[in-house]
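**Q** please find the sequence and the predicted model below.
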Amino acid sequence: MERKKIKFIIWACLFVGVFLILCQIGYSDGDDAFFYEFTHRMSFTEYLSWRYDTWVGRMAAEALVYITFHCGIWFWRVMNACMLVLLPIGIVHLAKITAKIPDYSAGSAVAAIAGYFLMDVMTVGYAAIWVNGSVFYTWTFTCGIYALIPIADYIYNEKRQNLSFWQLAPVLLLSVIAAMSIEQMGAVLLTLEAIGVGYLVLKKRKAPVFFLVQLLCIGIAFTILFLAPGNELRVSSETLTWMPQFSSLSVREHLFMVVLWLVSSFANENCLFLCLIWIAGMALLYEKKAHPAWMAAGGIFTAAGLLGFAGVSFFSDAGLSISDITVCLQKVPEAVDLTAQNWFALIWWSVALVFTFVYLWKAAGFSPDILLVYLAGIASLAIMYFSPTIFASGARVYYLTDLLFLFLILTLSMRLKSKKLADLLYVVMCALGACNFVLQIPVIYHNF
């Protein structure tokens, strides 16, 4: 009971802190002004029909945006504060289920909150603090996390067998919201749910109707999202606005651009999450008395990653230099633009990503679920291959990858047998988060 009180206090403090911050946030002059105008100009059905036909198929997220802008800024402040609390709660709860432990500690709760500070400040700003951005990203991603909890609980908890209609109804709602929002979340949810159902069919020789119905609803919602007539119009418009070369790129040029962007993001914006995966892996390997070479390799990649935060860009500068993402990109990055040092950084982090797959296989005890989540984190960025706003979308596209990697770190920490090692990992997470926040104060001051 005492542990539950401590965790309640932690989450309550997070809500109060976030709410006080959000009380200083209002509507922005850009997209928020656009959404405010058109949600008040049209009826609910008119607005959704207009958006579906002319711009995007994210009907669930668009519906939430309509409701939010009609209910007013104070409604958003309260709801967004709730969502920013529910999101880490859902992640740590999902990690607890997959780690097969009875409950999570107060330390893991604090570490989950530290995830916000481990992110690039622009990622948090665009995806969690910006009014319409928070609805599209934080709210719908939270729904996606909670939509995955029932099937994870059924797979990992053998005693959990009974599923009722009253459990199905809210899960279906959460699933549809997540699947008909940001394409990254929809793709991840559909893939993980399908793999979960496939596992139940192949390994347990049964798949409850509960999950078959959920998977069907996710599939239908995701299909409706992609069949929106506005999608093609949107791509054409955004190609002209943000990247005129997009439609004329060869497969080689297009692939190089995406690989450069993806690898550069892991070398910079997502770097701390990779470093903590390696650190958590080292702790698990130490407990298993694995060959020191594994831990040494993890330590080398971690040290190289942290050098970037000390101002040493040799390992992190892959040659992706776009000074202003708010203007049209007339010339996409090309291989000939890279220096020898850029090529080294690009190759180094490409190797690091491949190494991490093998490293997790070793550290997590050959757990395919861990590897699937890791690949999902990479795939959620790779899906930007199809978008002409790969650069213009900004740091918000890193949000889902950060959340998936946070889940990985917490799951690995909960598999540690030593409470001291786990607590030490949580301290390291909080320390790195604090340092990352302090280093980005000039960015916060300049942009907010």
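**A** Nice, thanks for sending it over.

**Q** what's the helix or strand for the spatially most central residue of the chain?
**A** When Cα atoms, centre = their mean is applied to the chain, the residue found nearest the centroid is residue 400 (1.2 Å). For residue 400, the element it lies in under DSSP states H and E is helix 399-414.

**Q** can you report how many residues neighbour residue 9?
**A** Residue 9: 12 surrounding residues under other Cβ atoms under 10 Å. Yep, even glycine has a C-beta here, placed from its N, CA and C like the rest.

**Q** about what we covered before: buried ones in the very next helix or strand once past the helix holding residue 400, by neighbour count?
**A** As assigned by DSSP H and E, the chain's next helix or strand after helix 399-414 is helix 419-439. Within helix 419-439, the residues that count as buried by 16 or more other Cβ atoms under 10 Å are 421-426, 428-430, 432-433, 436-437.

**Q** so the residue nearest to residue 241 when sequence neighbours are not counted: helix, strand or coil?
**A** Counting by Cβ to Cβ, 6 or more residues apart in numbering, residue 241 lies nearest to residue 328, which is 6.4 Å off, once chain neighbours are set aside. Following DSSP: H, G, I helix; E, B strand; the rest coil, residue 328 is assigned to coil.

**Q** ditto for residue 379
**A** With three-state DSSP as the criterion, residue 379 reads helix.

**Q** could you number the chain from 16 rather than 1 from now on?
**A** Happy to do that; since the first residue is 16 now, the last one works out to residue 394.

**Q** isn't it right next to residue 205, touching?
**A** No - contact criterion Cβ atoms under 8 Å: residue 394 and residue 205 do not qualify, at 11.7 Å.

**Q** name the next helix or strand downstream of the helix or strand where residue 237 lies, please.
**A** Element membership for residue 237 (DSSP H and E) is helix 224-241. Downstream of helix 224-241, the next assigned helix or strand under DSSP H and E is helix 245-257.

**Q** report the angle between the helix or strand following that next one and helix 414-429.
**A** Where DSSP H and E defines the elements, the next helix or strand beyond helix 245-257 is helix 266-282. With axes from the mean of the first three to the mean of the last three Cα atoms, to 10 degrees applied, the angle from helix 266-282 to helix 414-429 works out at 50 degrees.

**Q** list the buried residues of helix 266-282.
**A** Under the neighbour-count criterion of 16+ other Cβ under 10 Å, helix 266-282 has 269, 271, 272, 273, 275, 276, 277, 278, 279, 280, 281, 282 buried.

**Q** helices or strands up against it?
**A** Helix 266-282 sits against helix 355-378, helix 383-397, with contacts defined as 3 or more Cβ pairs under 8 Å, 6 or more residues apart in numbering; DSSP states H and E.

**Q** sounds good, over and out.
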